[in-house]
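**Q** predicted model follows, preceded by the sequence.
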2 protein chains.
Amino acid sequence: MAHALSRRDLDFLLYEWLDVESLTAHGRFSEHSRDTFDAVLDLTADLAEKHFIPHNRDADANEPHMLPDGTVETIPAVKAALDAYGESGLITGTFDESIGGMQLPTTVARASMAWLQASNAGTSSYALLTTANAALLAEYGTGDQVETFVKPMLEGRWFGTMCLSEPQAGSSLADVATRAEKQDDGTYRVTGSKMWISGGDQNLSENIVHLVLAKTPGGEPGVKSISLFIVPKFLPDGDGIGERNDITLTGLNHKMGNRGTTNAALAIGDGTHLPGGRAGAVGYLVGEEHKGLSYMFHMMNEARIGVGFLATALGYVGYLKAVEYAAGRTQGRPLGAKDPSAPPVAIIEHPDVRRMLLAQKAYVEGGLALGLYSSRIVDDLAVETDPEKAADLGLLLDVLTPIAKSWPSQWCLKANDLAIQVHGGYGYTRDYDVEQHYRDNRLNPIHEGTHGVQALDLLGRKVIMRGGRGLALLTERIAATVAAGREADGDASEYADQLDTAWTRIVSVTDALWADADPVSALANASVYLEAFGHGVVAWLWLEQFLAADGQVGDFYDGKRMATRYFFAHELPQTGPWIDLLASRDTTTTDMNPAWF
Amino acid sequence: MAHALSRRDLDFLLYEWLDVESLTAHGRFSEHSRDTFDAVLDLTADLAEKHFIPHNRDADANEPHMLPDGTVETIPAVKAALDAYGESGLITGTFDESIGGMQLPTTVARASMAWLQASNAGTSSYALLTTANAALLAEYGTGDQVETFVKPMLEGRWFGTMCLSEPQAGSSLADVATRAEKQDDGTYRVTGSKMWISGGDQNLSENIVHLVLAKTPGGEPGVKSISLFIVPKFLPDGDGIGERNDITLTGLNHKMGNRGTTNAALAIGDGTHLPGGRAGAVGYLVGEEHKGLSYMFHMMNEARIGVGFLATALGYVGYLKAVEYAAGRTQGRPLGAKDPSAPPVAIIEHPDVRRMLLAQKAYVEGGLALGLYSSRIVDDLAVETDPEKAADLGLLLDVLTPIAKSWPSQWCLKANDLAIQVHGGYGYTRDYDVEQHYRDNRLNPIHEGTHGVQALDLLGRKVIMRGGRGLALLTERIAATVAAGREADGDASEYADQLDTAWTRIVSVTDALWADADPVSALANASVYLEAFGHGVVAWLWLEQFLAADGQVGDFYDGKRMATRYFFAHELPQTGPWIDLLASRDTTTTDMNPAWF
């Protein structure tokens, strides 16, 4: 079977560690069982094998392009795969039964999607964006909007996008210049330019449901005047599509990787099309005016965790291929071997190759644990009836989201780099997959909020909001794991001590950084903080896995133990100098004068 | 002017720090002066601007390909650039006047080549390989071989390659299977397959001088039976070319980057061509039989430092483009700004962008200092008349070579990664250069000995050979800089203390690792050692630069001071956990069982 994720690892994480089965005790998930979860994962693997994996390289070598008539051409296998995905019903995973959903736990749905992401980053992204878009509308849209826009998405006939960035504004949403003006019939007319829109145009779905941030008159300056609109490519008409709306592809970006997904510049309301006989894209307001950003954050947070999964999935599949290559490729002799005429050994025998594979294992299995743990919180939140406990779960998820996005984007990308290195010269050629996985993955520290933006979100917002309650909740959970580790075997208690020391320093440096409540000095090294925090969180999740494997016998569990050992010996200690730097309140970056570069 | 390296930085490194002018006091360089050095650098910049930079992106998008008749097609601009380079005479840089060389110091010639490498990695590699090939033959070839093969290379008419790797052997030269058999006329007939041969075939030069490692009967097993042969594509005939030799292109590799240089699989002596009426490639022995590897190491060491320069050059040009982009692109507002309607600022104002630019500056200027320092030792060696001192200089160079190769390959590649990140989404598109620089640079930790091979070379050989004399000599030089730093201003003396502590630990951990003289345990974490050692060496060279800038006023010198400060605050402390790991004799990698992956 072609590589994607490891089903054995998923079974361990879902059932032996996160006990996803226990969710079926709650009404929302009571129709489910381990059997239905397994069936979803089996179906996913089958779909991946038949439809997603086979065209992964072809979609990279033959990227979508814009034809002279302004439409997009994509290799046919992409549409075939997405049609098969639509028919499988997997897209309806987490949605309510009342609107045709499977009401699956998010944890299981994410595992299924991660399998597809590992199989084909480009093609899977259309599905991921559509799900996130539909989830936003299911939450904040009117009944009519759900009927009109969400249902065709859950049927796999229409796809969704999120349109935030603009050419002049990039990550800075305060500078959004797209405008919307209310019409007498309650619809809006939208005008502006959007940039970096994944799936922004394509020839794959009957219609495209764009969710567009635009400013409406009357709000305060900055982000508080932003509203959210549905701007479909074609206006809906009954169950199908009607008039072409005035939202037009002006160009596709040509990317380093992730080429299977179109990435578009869009002109909105420039008069290329004239719905109702005049220029201006027809938009339908979602929720209330001037609250658009808060709705969009619902989709963004979901997309951010999805990006983390994508980064993990690409690292994971590269790791599996690197292990297979290293076990099969013979070269050189063991260190200290005396006989140069002895036959060469598999390169997996060389300690440096094992180091590179162990690092990959620690990163990608750590990343998967992080993503699934975060998803488990989403499920807990869905079934929590106590409002205070629900608020706490929300805060915990808020704190973990920038890590779930950024940590895999950094370290599972590093895993792809190591997968190339294990392959040597072959890994640098396009005859092997690993260089594509690297290029595909290189997008992830950039989109859905760059690494630097995640750092500001974590240190500037998440760890201090509600008086630092989110950080305190996370610290409680880590402390519980530390306590469990101390009660367990020798190695676990050493890891527990090491984690406790590192995490205590992270918490106290958080206070120190904010001691004078000055964001300029607090945030000067926010990215260093993000990285230390992320390594602390993943060390915790490795100890969690170590404890879940406690007493279990076999290669798989020995692998978990060795990856934990690797993480605590090689990775967690790196946080020492990072925290030292933060504790020193180093001002090198702020003292640097741009003229000195 | 288009970006390559910074001439201001080169002037600082060559004249204010390394005092290259003082070399002109020696007979070998007495015809030279700062004027002639400057003229070489001016000529290089002009050549780069006119011929190398303009086709850099085109050569990536339209890589060389093999035609059905077995020949190679390359975009015409590559040949035009290399013809102009040949005509410029720069290729003769370091060679003796007696064979038509300019007898330039290596330090200046390397600076010139690095400028071309920054301008166009792919095209410059043909020149670099030709120079290294000619230098080997100038050293070990007979007078006839120099006349026949070196002169056409110095005239830019013939190009050179090095043929080591084979499909089954990769880095493991003991497993070379290519064979050579002596003929009655003193020539050899060579048979075998070579793989990963840069410039292995092309349509750019009149002839190709392959230097081929092959085994001749009678040697011991392993590397001691290897001899070195000149196997030209066409047999020489007078000043020109004669019969086609039996060495044939069988395929070109399709790479992630560095696409401008062909990378070939070659069949040798398979009867495709029949020189003298029969199969077998005609080869001319270089030096003595069974000493081939020692000659080849001459070229490999030169090529390894060349790879380090290539990695530095690509990091450098990416850094300059990132600074320009960051100064011009406006987005967002300063941390802590209260007014969302204030105009956005250039992103270079954001601390995290400055951090990424400072890191790049520290890596690429550090890498350039490392390469030029190593080259200065080559020049000192060339004019040293005392055999003991010359032997010491050789040992020092031996110890530095794996660092000069690996450190820029790791950290200047990281600089390219950061240059993409500074560009945000734009950096991920092929409309900007930085993603190509990354892809081009990703080759460098792989070829001419992977990172892992450099690590084994450093820890397994270089730091222990001659009783550790090479390491002791390096430590002496570092101690001298530490002493000078302690006598200088406040910051310098703090850096000196920090360097002294780190270096002392590196030296003592070297002894500890070899305490029981067991290579298996000594080398288990060789790559970690390589990285700690490299950061120590570059910290030293930053302190050297800091001291060379001492008392100097102006933006340029302030930049050097800030990059030093960055390196000592953010980078050198990272060696702490690496050395801790080494000192603990950690066995995670050797304890890992391949079945557990």
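**A** Perfect, thanks for sending it.
**Q** now do the strands in the stretch 151-300 of chain A.
**A** Along the stretch 151-300 of chain A, counting by DSSP state E, counting those that start in this stretch, strands occupy A:158-163, A:179-182, A:188-198, A:207-215, A:226-232, A:234-237, A:240-244, A:247-252, A:263-268, A:281-285.
**Q** how about TSV for the ones you listed, with distance to chain B added?
**A** For every residue, glycine as well, the C-beta is placed using N, CA and C. Shown next, in TSV, are those (distance: least, C-beta to the nearest C-beta, whole Å):
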stretch	distance to chain B
strand A:158-163	14
strand A:179-182	16
strand A:188-198	5
strand A:207-215	12
strand A:226-232	11
strand A:234-237	27
strand A:240-244	28
strand A:247-252	10
strand A:263-268	8
strand A:281-285	23
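**Q** quick one, which of those gets closest to residue A:591.
**A** strand A:188-198 (32.8 Å; C-beta to C-beta).
**Q** any part of the least confident helix or strand in chain A by mean pLDDT near chain B?
**A** None of the helices or strands of chain A scores lower by mean pLDDT, DSSP states H and E than helix A:519-522, at a mean of 91. Yes. Helix A:519-522 comes into contact with chain B (C-beta under 8 Å from any C-beta of the partner chain), by way of A:519, A:520.
**Q** in that helix, what's buried?
**A** Residues A:519, A:521, A:522 are the ones in helix A:519-522 that count as buried (16 or more other C-beta atoms under 10 Å in any protein chain shown).
**Q** and which of the residues you listed is nearest residue A:403?
**A** Closest to residue A:403, out of all of the buried residues of helix A:519-522 and judged by C-beta to C-beta, is residue A:522, at 18.3 Å.
**Q** doesn't residue A:513 make contact with that closest one?
**A** Yes. Residue A:522 lies in contact with residue A:513 (C-beta atoms under 8 Å); the separation is 4.6 Å.
**Q** what bridges to residue A:237?
**A** For residue A:237, the beta-bridge partners are residue A:240 (DSSP bridges).
**Q** quick one on the thing from earlier: turn the strands of the stretch 151-300 of chain A into a markdown table, columns for mean pLDDT and mean neighbour count.
**A** Output for the strands of the stretch 151-300 of chain A, formatted as a markdown table (pLDDT from 0 to 100; neighbours: other C-beta atoms under 10 Å in any protein chain shown):
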| stretch | mean pLDDT | mean neighbour count |
| --- | --- | --- |
| strand A:158-163 | 97 | 27 |
| strand A:179-182 | 97 | 19 |
| strand A:188-198 | 97 | 23 |
| strand A:207-215 | 97 | 25 |
| strand A:226-232 | 97 | 26 |
| strand A:234-237 | 97 | 17 |
| strand A:240-244 | 97 | 14 |
| strand A:247-252 | 97 | 20 |
| strand A:263-268 | 97 | 24 |
| strand A:281-285 | 98 | 25 |
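**Q** let me have these in a markdown table, extended by distance to residue B:563.
**A** Shown next, in a markdown table, are the strands of the stretch 151-300 of chain A (distance: least, C-beta to C-beta, whole Å):
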| stretch | distance to residue B:563 |
| --- | --- |
| strand A:158-163 | 39 |
| strand A:179-182 | 45 |
| strand A:188-198 | 32 |
| strand A:207-215 | 40 |
| strand A:226-232 | 40 |
| strand A:234-237 | 55 |
| strand A:240-244 | 55 |
| strand A:247-252 | 38 |
| strand A:263-268 | 35 |
| strand A:281-285 | 49 |
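**Q** enumerate the residues of the stretch 201-350 of chain A near chain B.
**A** By the rule C-beta under 8 Å from any C-beta, the part of the stretch 201-350 of chain A lying against chain B is A:221-223, A:253-257, A:323, A:326-327, A:331-336, A:339-341, A:344, A:346, A:348-350.
**Q** ok, back up a step: identify the contacts common to residue A:522 and residue A:513.
**A** residue A:459 (C-beta atoms under 8 Å, 6 or more residues apart in numbering or on different chains).
**Q** what about the spatially closest residue to residue A:512 that is not a sequence neighbour, distance to chain B?
**A** Leaving aside its sequence neighbours, residue A:512 sits nearest to residue A:583 (C-beta to C-beta, 6 or more residues apart in numbering or on different chains; 6.2 Å). According to C-beta to the nearest C-beta, to the nearest Å, residue A:583 stands 12 Å off from chain B.
**Q** was I right about residue A:583 contacting residue A:511?
**A** No. Residue A:583 lies out of contact with residue A:511 (C-beta under 8 Å); the separation is 10.7 Å.
**Q** was I right about residue A:574 contacting residue A:535?
**A** Yes. Counting by C-beta under 8 Å, residue A:574 touches residue A:535, with 6.7 Å between them.
**Q** higher neighbour count, these two?
**A** Legend: neighbour count by other C-beta atoms under 10 Å in any protein chain shown for residue A:574 and residue A:535, higher for residue A:535 (24 against 16).
**Q** give me the pLDDT for residue A:171.
**A** You'll see residue A:171 listed with a pLDDT of 69.
**Q** start and end of stretch A:18-25, how far apart?
**A** 14 Å (C-alpha to C-alpha, to the nearest Å).
**Q** an error on my part: the question was meant for stretch A:39-59.
**A** 28 Å.
**Q** does chain B have contacts with that stretch?
**A** No. Applying C-beta under 8 Å from any C-beta, one finds stretch A:39-59 out of contact with chain B, separated by at least 11.7 Å.
**Q** state the mean pLDDT of that stretch.
**A** Per-residue pLDDT over stretch A:39-59 has a mean of 98.
**Q** off-centre distance for it?
**A** Computed by C-alpha atoms, centre = their mean, to the nearest Å, the chain-centroid distance of stretch A:39-59 equals 19 Å.
**Q** buried ones in that stretch?
**A** For stretch A:39-59, a neighbour-count test (16+ other C-beta under 10 Å) marks A:40-41, A:44-45, A:47-48, A:51-57, A:59 as buried.
**Q** using CSV, list the CA coordinates for stretch A:227-242.
**A** The C-alpha coordinates for stretch A:227-242 follow below in CSV (Å, rounded to 0.1, in the frame of the first residue of the first chain):
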residue,chain,number,x,y,z
SER,A,227,-18.4,42.6,8.0
LEU,A,228,-18.7,39.1,6.5
PHE,A,229,-20.4,38.3,3.2
ILE,A,230,-21.3,35.3,1.2
VAL,A,231,-20.3,36.2,-2.4
PRO,A,232,-21.0,33.1,-4.5
LYS,A,233,-19.4,32.7,-8.0
PHE,A,234,-22.9,32.1,-9.4
LEU,A,235,-26.0,33.4,-7.7
PRO,A,236,-28.1,30.5,-6.4
ASP,A,237,-31.2,29.6,-8.3
GLY,A,238,-33.5,27.0,-6.7
ASP,A,239,-31.2,24.0,-6.0
GLY,A,240,-28.8,25.0,-8.7
ILE,A,241,-27.0,28.1,-10.0
GLY,A,242,-28.2,31.2,-11.8
